[in-house]
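Asker: Sequence plus the predicted model coming up.
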Amino acid sequence: MPLSLLAGILLLAGVLAYSNTLKVPLLLDDTVSIAENPSIRRLWPPGPVLSPPATAGVGGRPLSNLSFALNFAAGGLAVPGYHLVNLAIHLAAGLTLFGLVRRTLGLPAPAPAFSSDAATRVAFTAALLWLAHPLQTEAVTYLSQRTESLAGLCYLLTLYGFVRASQKPARRWVFLVPLAGACGMATKEIMVTAPVVVLLFDRTFVGGSFRAAWSAHRRIHLSLASTWILLLLLLAEVHERGVGYVAITGWQYALTSCQSLLVYLRLALWPAPLVFDYGTDFVRSWSLGWPAAAGVALLAGSTIWALWRVPKSGFLGAWVLVLLAPTTSIVPVAGQPLAEHRMYLPLAAVTVAAALAAHRWLRRSAFPVLVSVGALLLTATYARNRDYRDAVTLWTDTVTKRPHNARAHAALGAAWVEQGQLAPGIAALERSIQLDPTSGEARNNLATALTEVNRTPEALAHFSAALRLRPGIASTHYNFGNALLSVGRASEAIAQQEQALVLLSEFPLARCALAQAQLTAGRPGPAMDNFRAALRSQPDLVAAHFGLANALAQTGRAAEAIPHYEATLRAVPNAVDAHYFLGHALLAAQRPADAAQRYAAALQLKPDFAEAHHYLAKSLAQLGRTAEAIAHYETALQLRPDFTATRSNLEALRKAQ
C-alpha cells in the first residue's frame, strides 16, 4: 500500500477511537492546570506564559503551558478545542512512531535489514496498535496529561531526527535532535532519559557499539545532552511538584514501583480493568512486595543480558524500563504511585515487539491479524472513553474498581455537588473522610456542600479542619469566608477573603466576596473599590456587577448602578433580585415606566413576590394608572398583611379616586 494511504488509515483509526471525547469536561488536575491557571489567560507579555506557577500543575513546563494558553486564546475554557489539540498530538506521535519504526527496520544495522515492504507492514501495525490501545486514553482524553503526550511526541521526534541524521544527506535533520529534545525538556521531565536512550539506540541500530556510536555521532549526542541544562534551569524554579511523599520510605516506594511496573505490563497485554485513579496504596513490607520485586529483577536481568547478547530485543526491554525509571524507582511520587498515562511511550516497545513477533511467526498472515486486533483495541478505546463523558460517571467507575480510594470518593462527591445532587455528594465526601481523615481538600468540599443544605455549624468546623490539615489554600479561605458571611460574621469573612487574596492575588471571586463582606459590614467605599478590581480581572463576573450595582444604589448613585444591573441581567436573564433592584434604581432615577417593566419581569418569575407587587403599584401610581396600582397593592397585602406602607399607600390611592 502507498505510505500516504497507510498514514491516512492511522489518522482515521485515531479519530474514530477518540471521536466521543470532545465534550469530556475538565477533570481533577485540569482545574489548576487550565481553569484556575492565571498564566494562560494572556499570550502577551510571554513571561507569565513561559513561567507558570508551580501550583498550576505545569510549573517548570513552559511548552505545555503555552499550548494551554493558545487553546485559551482560541476558545477560552470551551473543552472541544483542548481535546482536538490533545488528539492532534496523539495522531502526530502515532505517525512519528510509524516513520521511526519503518526507518529503523530499514537501517543497514549489524543484523540483516528488513525489506522495504516488510518494514512498512511491521511499522504500520505497531503504530496502529499503539494509537488504538485503550491504555492510552488517560494520556489523551484527560486534558492535563497533554504534558505526557506532548513530551512523548518530542521524544519520538528526537529519535526520528537521529535516524534521519545518521543517514545521508543528514544536514537538515541534525538540528531536529536538539530542537525536539529541548522542546521535550520544556514539556515534561520524562524527557530526561532521551540522551541516554538515543545513545543506546545508536549503539544498537546504527553504530554497533558504544565506541563506534560516539565516534561517528558525538556532536549529535553532545547537542542533545546539552538540553539537560534547560531541564535543570526549569526544575530550579520548581522546588517540589508531587515528589517526596512523606509517609513512605524510598525502599517502600521501590517495592510499590515493582508492583506498578507489573501492572503496566499486564495492562499493555490485556487492558482491563482500566482505572482513572489508583489512589495511594503502597507496599510497606518486604513480605508483601518480594514477588513483584523478584519479577522486576528477572525482567531487568533479562534486559541486561539481551542488551549484550540480543541487542535489538534488549533495546525494547530497556525502552520500557528506562522510560519508567523517573517515576518508578526509589524516589516517591506524592499521591500517585501508579498512573496509566506513564505507559504512553513505554507501550510503543510492547506494540513493536508484538508486531515483530507476529511478522516472524505468522509472516503474511500477520498483517490482517494485527489489523483485526487493532480494530478490537479501537473499539475498546471508544468504549473506555464513554466512562469519561462526565465526572460522575468516571468517578463512579473509579470507586467501583478501587473502593478504598479516598481521593476517588472525594472527587465523586465533588462531582455530585457540582451537578446539584447534594445528598449523594455529601455521602461520598463523608466516606472519603472516613477513609482518610487527613484530607483537607475533601473537608473543604464537604464543608462547602454542607453550607448548601443549611448545616453551617458543621461546615465551619470542617473548614477550620481543612485549613489546619492543608494550610495556604486560597480556595478554602474563600469558601470559609462565604460560609462565615452567611451566618452574619462579616468581619471574620473579610479576614478569610483577604487571606485568600494574599495567597492568590488574581482571584476575582475572592475579591468579589471580600467586597460583599465589606458591603455587609457597612463599608461601601472599599467594597466598591474591590468590586471594580474584580471586574478589571474578570469583566464578565456577574456577582461583581450585581454587588457593585447594589453598593452604588445603597449610596444614592442609582444612575451608575443601572448599567451594572443590566449587565447582570444580560448574563442571567432570570435573576429575580436583579430585576427587582434594577426597578428600584430606575424608580430612584425618575424612570417609573422602565421601573414598572422590571418589577413586572420579577413577578413573571416569582408571582408571590409581595415586595415587587408593592413597588410595581408605586410605579404605576406615578404613571397615573391608578386602578392597576390598587390591584397590585391589594395583592401585596394578601401576600403580606403586615405591610403598613402598602396599606397606607392603598388607602391614599382609594381616597384620591
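Answerer: That came in fine, so what should we check first?

Asker: hang on, isn't residue 581 packed against residue 550?
Answerer: Yes - using CB atoms under 8 Å, residue 581 is in contact with residue 550, at 6.5 Å. (C-beta placed from N, C-alpha, C; glycine too.)

Asker: The helix ranked longest in the chain: which residues count as buried?
Answerer: If you go by DSSP state H, the chain has its longest helix at helix 79-105. Across helix 79-105, burial judged by 16 or more other CB atoms under 10 Å covers 79, 81-87, 89-105.

Asker: helices and strands around that helix, which ones?
Answerer: helix 3-17, helix 62-75, helix 116-132, helix 137-141, helix 146-165, helix 347-362 (3 or more CB pairs under 8 Å, 6 or more residues apart in numbering; DSSP states H and E).

Asker: Using JSON lines, please lay out those together with mean neighbour count.
Answerer: Output for the helices and strands packed on helix 79-105, formatted as JSON lines (neighbours: other CB atoms under 10 Å):
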{"stretch": "helix 3-17", "mean neighbour count": "17"}
{"stretch": "helix 62-75", "mean neighbour count": "20"}
{"stretch": "helix 116-132", "mean neighbour count": "24"}
{"stretch": "helix 137-141", "mean neighbour count": "26"}
{"stretch": "helix 146-165", "mean neighbour count": "26"}
{"stretch": "helix 347-362", "mean neighbour count": "20"}
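
Asker: Let me have those in CSV, adding mean pLDDT and distance to residue 405 as columns.
Answerer: Formatted as CSV, the helices and strands packed on helix 79-105 follow (pLDDT from 0 to 100; distance: least, CB to CB, whole Å):
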stretch, mean pLDDT, distance to residue 405
helix 3-17, 97, 27
helix 62-75, 96, 26
helix 116-132, 96, 28
helix 137-141, 98, 15
helix 146-165, 97, 21
helix 347-362, 96, 24
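
Asker: for those, which one sits closest to residue 458?
Answerer: helix 137-141 (35.5 Å; CB to CB).

Asker: which residues sit against that closest one?
Answerer: 18, 21, 24, 83, 86-87, 90, 145, 148-149, 152, 274, 276, 339-341, 344, 381, 384-385, 388 (CB atoms under 8 Å, 6 or more residues apart in numbering).

Asker: before we move on, what about stretch 66-74?
Answerer: Against stretch 66-74 from outside (CB under 8 Å, 6+ apart): 33-34, 37, 39-43, 49-50, 58, 81-82, 85, 146, 150.

Asker: so how far is it off the chain centroid?
Answerer: 14 Å (CA atoms, centre = their mean, to the nearest Å).

Asker: Name the residue in residue 581 and residue 550 with the higher neighbour count.
Answerer: residue 550 (25 against 20; other CB atoms under 10 Å).

Asker: Could I get the full set of strands for the protein?
Answerer: Secondary structure of the chain (DSSP state E): no strands located.

Asker: what touches both of residue 581 and residue 550?
Answerer: Joint contacts of residue 581 and residue 550 (CB under 8 Å, 6+ apart) are residue 561.

Asker: Now for residue 579: which residues touch it?
Answerer: With CB under 8 Å, 6+ apart, residue 579 has these contacts: 569, 598-599, 601-602, 605.

Asker: any low-confidence regions in the protein?
Answerer: 109-113, 169-170, 237-248, 329-335, 657 (pLDDT under 70).

Asker: circling back: which of the contacts of stretch 66-74 lies closest to residue 561?
Answerer: Of all the contacts of stretch 66-74, residue 561 sits closest to residue 41, with 28.3 Å by CB to CB.

Asker: Nearest spatial neighbour of that closest one, chain-adjacent residues omitted?
Answerer: Closest residue in space to residue 41, ignoring its immediate chain neighbours: residue 72 at 6.5 Å, by CB to CB, 6 or more residues apart in numbering.

Asker: Residue 160 contacts residue 98, doesn't it?
Answerer: No - using CB under 8 Å, residue 160 is not in contact with residue 98; the gap is 9.9 Å.
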